[in-house]
Structures are given as structure tokens and as C-alpha cells.
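J.: here is my input; please provide its structure:
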Amino acid sequence: MFFSGLWFLVSCNTTTTHPKPLPKPKQTTVVSSEQKNTIKKKSTLPLTDESAIPFLQRYGAENPENKVRIETPLGSFDIMLYEKTPYHRANFVFLTKQKYFDGTYFHRVVPEFIIQGGNSDNLDTGQKRRNIGKYLLPPDTRKGYKHHRGIVSMPSSDIENPHKLASPYEFFIVQKSPGAYHLDGSYTPFGEVIRGMDVVDAINTLPTDKREWPLTNMRMRVTVLKE
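T.: Alright, predicted model coming up:
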């Protein structure tokens, strides 16, 4: 009887089991549309001469805005970007949304001719350009636009450039009345001032140094206007 009872106790002890821990459920990461755009942007930049046009073609289709506002210490003015110059429009909207222009200057003023913006002597401007990419835009001069007063156009690159490829980071506005028609065919008009031309006139009267750089830095902030 003693052995039978001992066997019963041992049997009870040896058959006791502990439940195994359940596996942890797999965690799923939800990626927002904004994060997807950030990931896509990082995989696209920096742009090159080979990738810029396909990128701007897609970007233009996804970002159809065509009006921007430029704010300066002397006031603000609005620009309408032309649908018929799609790469230049998309490029300007892209750079605006990247906040490239914010903190750059109207760095060149030629009295009774033009004001030119999109550059600065700040280190962060160069860093922005490196992050976005080194590329040029082909001219688009056969859409019927003339360099009337108030036209926004794109200067050609400073490098040796027989085909007048445009520097994507800068732009100029014709202040001359009735226009600067000797520029037609060489530079691409891609927009026009639709409000605040008096501000352009005020910037055009600023004193400059020998480089045509205004003695008073004329910083800008550029935003896309919603319809």
C-alpha cells in the first residue's frame, strides 16, 4: 500500500505540465501617404539631366497648381505659371514645395530691364541645390509667349551652353516697358505677374553694387496658391 501511494504521488508530479507562451502577434506598420511621398522623394533625389524630365512630367501631372505668391520686404506679388510650358511650371512648383526659394534673394537688378531671383550667398542655398540635384531644363520657346513687361522667364546656365539650357533654380521678371523682346527665342517665358507689379518696380529701383547685386538683400518667401 505504501508503494502504491508513493507511485501515485510520483505519477501526479511527473505528469504536471506548464503551458507554453503564445507567440507574439506580428506587428504591421501603417505607412501614411505623406511618408510614402517622403520615401519616394528620397529615392528620386538628387535629380540629374537624365532623370529630371521624366520626374517633372510625373510631378506636373500630380501637382497641377499654377499660381504662386512671392513675399519680399517691399511687399508681395502673384505669378501665374503657364500650362503650355509644363516642365518649367512643374519645376517651379516643385522647388516651391521643397521650400528651395525661401531665404534666397533677388540677387540681380538691372534698372528698367529685369530683376532676377533664386540665388544667395548663404551656404544653405548651395546645400539645397546639392540635395535636389544638378540638372538643366531644355528651352521651350515656341509656345508663342513674348517677353512683355511682367513676364517671368528662366535664364540660361552660366556654363558653356550653346543650346541655352536653363538654370532651374533661378528666374527673372521683365520690368522694362513695354517689354524686352530681344530676349525672345533665347529664353523661356513660363509665367507672368498677375498682381503686385508695383513691388517688382520697387525692387528694380534698388541701388546695386558693381555685380548688379542690391545693396539691401531682398529675401523672398514663395508659396503655392490654392484655387
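J.: where does the most centrally placed residue in the chain fall, secondary structure wise?
T.: For the chain, Leu95 is the residue whose C-alpha lies nearest the centre (Cα atoms, centre = their mean; 1.6 Å). Leu95 belongs to helix 86-97 when elements are defined using DSSP states H and E.
J.: packing partners of that helix?
T.: Packing contacts for helix 86-97, counted by 3 or more Cβ pairs under 8 Å, 6 or more residues apart in numbering; DSSP states H and E, involve helix 52-62, strand 67-72, strand 75-81, strand 188-195, strand 221-224. In short, each C-beta sits where N, CA and C put it, glycine included.
J.: hey, which of the ones you listed is tucked in deepest?
T.: strand 188-195 (a mean of 21; mean count of other Cβ atoms under 10 Å).
J.: neighbours of Pro214, how many?
T.: Counted with other Cβ atoms under 10 Å, residues neighbouring Pro214 total 20.
J.: quick one: distance of the following helix or strand past the helix holding Leu95 to the chain centre.
T.: Next helix or strand after helix 86-97 toward the C-terminus (DSSP H and E): strand 105-110. Computed by Cα atoms, centre = their mean, to the nearest Å, the chain-centroid distance of strand 105-110 equals 20 Å.
J.: next: stretch 63-71.
T.: 11 Å.
J.: what is the mean pLDDT for that stretch?
T.: The pLDDT scores in stretch 63-71 average 98.
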